[in-house]
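[1] With the sequence up front, the predicted model follows.
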Amino acid sequence: MKRALNFNAGPAALPQAVLEKAEKNWLNFNNSGMAIMELSHRSKEYEAVHNQAITSLRKLLSISDDFEVIFLQGGASLQFSMIPMNLLSEESTANYVLTGSWSDKALKEANKIGKTAVAASTKEGGYHSIPNLSDIKVTEDAAYLHITSNNTIYGTQWHQFPDVAIPVVADMSSDILSRPLNMDQFDLIYAGAQKNLGPSGVTVVIIRKELIKDNGKLPTMLNYHTYSSNNSLYNTPPTLAIYLLSLVLEWVEETGGLEAIQKENTEKAHALYAEIDESNGFYIGHAEKNSRSQMNVTFNLASEQLSAKFLAEAKHAGFVGLNGHRSVGGCRASIYNAVPKEHVHELASFMKNFRLNN
Ligand SMILES: *Cc1c(COP(=O)(O)O)cnc(C)c1O
């Protein structure tokens with residue numbers, strides 16, 4: 001069987017080695033005579049998997065004891081609501097930087113909970129860039145500043161982070177574990193797993209302990225305290241998704257950790273951006289150069305007709321998932337950690353040949 005040339009935006013490609021390992025253990029996890037999803041979430045076998053996933057994540061991102069690592073369901077989208085529910089009070093304002101559709105949605109949910117302000121936005125220009133850090137203005141009563149570290153739909157990414165005196169909250173759904181991070185710069189990081197971490201079904205939140213308050217008025221399952229005080233085992237967690245997450249984390253470690261992953265991601269992104277830049281306007285990149293994403297490469301061709309022809313021929317050649325998001329059109333290649341560099345080079349060659357023939 002030949003693996004597909006998978007450039008899906010999410011759910012996305014998983015490392016083949018992870019899928020093979022999961023398959024090997026599928027019917028008989030650790031000689032238990034059961035599949036992982038048949039085990040009790042209170043069993044020793046499952047708890048070991050659960051704790052290993054937390055330990056690996058802590059190690060890879062150098063997360064100190066000042067933070068809790070918790071697992072939830074509801075996707076990154078539920079965090080759009082949980083963050084203001086847990087961090088915003090009647091006396092404070094939630095500050096948002098708008099850099100794309102996901103930050104727009106996060107702001108929209110926060111508006112239902114309390115006071116909000118836009119600290120900076122690149123919406124007017126059509127979300128081609130990340131704002132200059134010096135253009136970010138936070139309100140005096142700010143509860144937190146929310147950013148989206150990688151804009152999956154527009155293909156832009158933050159390459160440095162705001163240095164502000166208030167908590168920084170980052171939606172890292174589409175670039176967590178793609179590069180080393182300095183955790184001192186963040187107070188809450190969240191990510192749906194289905195781009196860089198594993199399958200859909202589990203959401204990771206890394207939160208500074210001092211931000212967790214036992215707010216008894218919140219519904220139990222919407223309160224971070226419920227998760228932090230029960231090791232994310234208050235109710236049944238998505239055990240299969242967390243198992244696969246633990247295998248992906250193991251794979252990242254075996255690949256050489258985040259520095260090695262970053263090096264490979266830089267090389268992969270460069271292969272596609274170099275073709276865009278050399279094409280003399282045949283391919284038109286959406287992102288301004290200094291805001292380019294290493295995870296989602298977005299571009300258009302000169303006309304809608306030519307874009308359609310490109311997408312049709314790419315599909316015929318076996319490339320999957322190159323259509324831009326339904327809200328913006330055009331083309332997008334998502335090249336997360338698990339997309340092999342050989343596949344990215346195949347795409348770059350395909351793009352070059354298409355250009356020369358058209
Ligand atoms: C995919 C994505 C989301 C939405 O994630 P769900 O898990 O589907 O809710 C939110 N933010 C970003 C940056 C994303 O890429």
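    Received, thanks.
[2] Show me where the stretch 1-150 of the chain has its helices.
    16-24, 44-60, 75-87, 101-113 (DSSP state H, counting those that start in this stretch).
[3] buried ones in the shortest one?
    Translated: helix 16-24. In terms of neighbour count (16 or more other C-beta atoms under 10 Å), helix 16-24 has its buried residues at 18, 22. Bear in mind the C-beta positions are built from the backbone N, C-alpha and C, glycine included.
[4] who does that helix touch, helix- and strand-wise?
    Helices and strands touching helix 16-24, by 3 or more C-beta pairs under 8 Å, 6 or more residues apart in numbering; DSSP states H and E, are helix 239-255.
[5] Mind checking what helix or strand follows the helix it packs on in sequence?
    Next along the chain after helix 239-255, taking DSSP states H and E as the criterion, comes helix 257-278.
[6] which stretch among the helices of the stretch 1-150 of the chain comes nearest Leu301?
    With C-beta to C-beta as the measure, helix 101-113 is the member of these nearest Leu301 (22.1 Å).
[7] Wondering if the closest one reaches the ligand at all.
    Yes - contact between helix 101-113 and the ligand is present through Trp102 (criterion: C-beta under 6 Å from any ligand atom).
[8] And for stretch 167-181?
    Yes - against the ligand, stretch 167-181 shows contacts by C-beta under 6 Å from any ligand atom at 171, 173-174.
[9] And that stretch, end to end?
    Taking C-alpha to C-alpha, to the nearest Å, the first and last residues of stretch 167-181 lie 16 Å apart.
[10] Ok, stretch 289-305 next?
    From its first residue to its last, stretch 289-305 covers 26 Å (C-alpha to C-alpha).
[11] Now it: average pLDDT?
    Average pLDDT, stretch 289-305: 96.
[12] Can you give me the buried ones in it?
    Using 16+ other C-beta under 10 Å as the test for burial, stretch 289-305 gives 291-301.
[13] what about stretch 144-153, distance to the chain center?
    Taking C-alpha atoms, centre = their mean, to the nearest Å, one finds stretch 144-153 lying 10 Å from the centre of the chain it belongs to.
[14] quick one, which of the helices of the stretch 1-150 of the chain is packed in tightest?
    Comparing these by mean neighbour count (mean count of other C-beta atoms under 10 Å), helix 75-87 ranks first with a mean of 22.
[15] Between helix 101-113 and that helix, find me the angle.
    Per axes from the mean of the first three to the mean of the last three C-alpha atoms, to 10 degrees, the angle that helix 75-87 makes with helix 101-113 is 40 degrees.
[16] what's near enough to touch whichever residue of the stretch 201-350 of the chain sits closest to the ligand?
    In the stretch 201-350 of the chain, the residue found nearest to the ligand is Thr203; the distance is 6.4 Å by C-beta to the nearest ligand atom. When contacts are counted by C-beta atoms under 8 Å, 6 or more residues apart in numbering, Thr203 touches 71-76, 78-79, 190-193.
[17] re the thing from before, how about the buried residues of stretch 289-305 in CSV, adding secondary structure?
    CSV is the format used below for these (DSSP: H, G, I helix; E, B strand; the rest coil):
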residue, secondary structure
Ser291, helix
Arg292, strand
Ser293, coil
Gln294, coil
Met295, coil
Asn296, strand
Val297, strand
Thr298, strand
Phe299, strand
Asn300, strand
Leu301, strand
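[18] Adding distance to the ligand, write these out as CSV.
    Formatted as CSV, these follow (distance: C-beta to the nearest ligand atom, whole Å):
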residue, distance to the ligand
Ser291, 15
Arg292, 16
Ser293, 11
Gln294, 14
Met295, 9
Asn296, 8
Val297, 14
Thr298, 13
Phe299, 18
Asn300, 20
Leu301, 24
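[19] So which of those is the closest to Leu258?
    Among these, Gln294 lies closest to Leu258 (C-beta to C-beta), at 12.7 Å.
[20] Could you list which residues are in contact with the closest one?
    Counted by C-beta under 8 Å, 6+ apart, Gln294 has contacts 157, 175, 178-179, 265-266, 268-269, 335.
[21] which of the residues you listed are buried?
    Neighbour counting over those (16+ other C-beta under 10 Å) leaves 157, 175, 178-179, 265, 268-269, 335 as the buried ones.
[22] In TSV: those, plus pLDDT.
    Output for these, formatted as TSV (pLDDT from 0 to 100):
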residue	pLDDT
Gln157	98
Asp175	98
Ser178	98
Arg179	98
Asn265	98
Lys268	98
Ala269	98
Ile335	98
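[23] Near the ligand, which residues of the chain are found?
    10, 75-77, 102, 148, 152, 171, 173-174, 192, 195.
[24] Next up, the contacts around whatever residue of the stretch 151-300 of the chain ends up closest to the ligand.
    In the stretch 151-300 of the chain, the residue that lies nearest the ligand is Gly192 (2.8 Å; C-beta to the nearest ligand atom). Each residue near Gly192 by C-beta under 8 Å, 6+ apart is listed here: 10, 75-77, 173, 200, 203.
[25] which of the residues you listed lies closest to Phe282?
    Gly10 (27.7 Å).
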